[in-house]
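K.L.:
Okay, sequence plus prediction incoming.
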Amino acid sequence: MAVTLTDAAANRVQAFLANRGKGIGLRVGIKTTGCSGLAYVLEFVDELDEGDEVFEHNDVKIIVDAKSLVYIDGTELDYTKEGLNEGFKFNNPNQKDECGCGESFTV
């Protein structure tokens, strides 16, 4: 499987990378936090780490470390605007539940 991006998310990442002026892609990962246990992490990548998996979708490289891939394999990253709110949305088929504030999730 893989981690993929919608067209809207890919366009947003490309714009961020262009404004930043450097970077090979976007790291998508998880960290232990919050009331449900796990939270998503997004950061720009300038160089790969050993053990990184690289997926390319819509001309954007998505980098995932092996530990995170277990939890987010099959995830689609979308970028949405709803009223005054905008941001990335994770459509993760492995997610079983999330906390009330939407800050963390369980698998």
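P.N.:
In hand now; what should we look at? Numbers count the residues shown, from 1 in each chain.
K.L.:
so how far is the helix or strand containing Ala18 off the chain centroid?
P.N.:
Per DSSP states H and E, Ala18 falls inside helix 7-20. How far helix 7-20 lies from its chain's middle: 13 Å, per Cα atoms, centre = their mean, to the nearest Å.
K.L.:
what is the mean pLDDT for that helix?
P.N.:
The pLDDT scores in helix 7-20 average 94.
K.L.:
how about the CA coordinates for it, as CSV?
P.N.:
Only the C-alpha atoms of helix 7-20 are listed here, as CSV (Å, rounded to 0.1, in the frame of the first residue of the first chain):
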residue,chain,number,x,y,z
ASP,A,7,-5.0,16.9,-5.9
ALA,A,8,-5.8,19.7,-3.4
ALA,A,9,-3.3,18.4,-0.9
ALA,A,10,-0.6,18.0,-3.6
ASN,A,11,-1.1,21.5,-4.8
ARG,A,12,-0.8,22.9,-1.3
VAL,A,13,2.4,21.0,-0.6
GLN,A,14,3.9,22.1,-3.9
ALA,A,15,3.0,25.7,-3.0
PHE,A,16,4.6,25.3,0.5
LEU,A,17,7.8,23.8,-1.0
ALA,A,18,8.0,26.5,-3.6
ASN,A,19,7.6,29.3,-1.0
ARG,A,20,10.2,27.5,1.2
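K.L.:
What residues of that helix count as buried?
P.N.:
Ala8, Ala9, Ala10, Arg12, Val13, Leu17 (16 or more other Cβ atoms under 10 Å). C-beta coordinates here come from the backbone N, C-alpha and C atoms, glycine included.
K.L.:
Does the second one touch Glu86 like I think?
P.N.:
In this case it means Ala9. No. Using Cβ atoms under 8 Å, Ala9 makes no contact with Glu86, being 11.5 Å away.
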